[in-house]
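# test case, fold it:
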Amino acid sequence: MRTVSPTRFHNSVHNAAAGYWTIGAGAVHAATAISAFDATFAQGLLEALMQLAAGDEAVLLVGYDGSSAGPLAQVSRSNGLLGAALVLSRDARADRPRLTVALEDGEAGAAVGALARHVEGNASAPMLPLLHALATGGDGVVLKAGPGRVLRVRLQAAMEPAHA
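Here you go, the predicted model:
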């Protein structure tokens with residue numbers, strides 16, 4: 001039997017990064033860690049929106065994944081390193097896009113575009129269509145939300161500020 005050091009085990013727990021961040025940043029608000037393989041980003045977005053609906057003023061949504069290793073790689077394969085973050089807020093601002101979501105039956109297509117070519121096979125790649133739409137002014141995307149489920153995200157473009 002191979003032994004694992006307490007430090008290596010502690011750092012292998014999927015909520016360790018959130019714990020380290022809250023300690024390092026002195027954050028006193030709740031942190032949630034969600035693990036749903038290639039549906040994690042969509043599920044995290046749903047959770048963040050629920051927190052906003054429950055009264056939080058803003059939520060930091062961070063999605064990331066690295067290469068899987070050891071026994072995990074046999075059942076949940078992920079390659080490369082990918083991470084991104086969004087700040088979601090209840091405050092409507094004319095210079096920020098607004099989003100609405102709907103959970104539906106269906107299948108999401110594979111992530112495409114310049115970013116997707118660099119992180120093919122990473123379990124967080126399903127977040128890339130939303131990031132691409134936000135960067136290019138797209139009007140919506142469909143994200144994988146689990147087996148046979150998708151999260152349809154509609155984006156309403158930011159309004160240009162009026163010039164006097």
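# three-state assignment of the closest residue in space to L143 that isn't next to it in sequence?
Spatial nearest neighbour of L143, chain neighbours left out: A42 (4.1 Å); criterion: CB to CB, 6 or more residues apart in numbering. Just so you know, the C-beta spots here come from the backbone N, C-alpha and C atoms, and that holds for glycine as well. Judged by DSSP: H, G, I helix; E, B strand; the rest coil, the three-state class of A42 is helix.
# how far away is A42 from A27?
24 Å (CB to CB, to the nearest Å).
# who are the neighbours in contact with the residue nearest to L143?
36, 126, 143-146, 150-151 (CB atoms under 8 Å, 6 or more residues apart in numbering).
# burial of R93, as a residue count?
11 (other CB atoms under 10 Å).
# repeat for T40
T40 has 23 nearby residues by other CB under 10 Å.
# for it, which non-adjacent residue is closest in space?
I34 (5.8 Å).
# the one you found contacts E47, correct?
Yes. Using CB atoms under 8 Å, I34 is in contact with E47, at 6.1 Å.
# for stretch 60-77, which outside residues touch it?
Contacts for stretch 60-77 (CB under 8 Å, 6+ apart): 17-18, 37, 40-41, 44-45, 48, 78-88, 121-124, 127.
# please disregard the earlier target; I meant stretch 26-41.
14-15, 17-19, 21-22, 42-44, 47, 51, 56, 63, 65, 76, 123-127, 130, 143-146, 149.
# quick check: buried residues in that stretch?
Buried residues in stretch 26-41, defined by neighbour count with 16 or more other CB atoms under 10 Å: 34, 37-41.
# closest to T3 among those residues?
Nearest to T3 among the buried residues of stretch 26-41: F37, at 27.8 Å, using CB to CB.
# the host helix or strand of A85 pairs with which strands?
For A85, the host element (DSSP states H and E) is strand 82-89. According to DSSP bridges, strand 82-89 forms sheet pairs with strand 58-65 (antiparallel).
# list the buried residues for the strand it pairs with?
Using 16+ other CB under 10 Å as the test for burial, strand 58-65 gives 59, 61-65.
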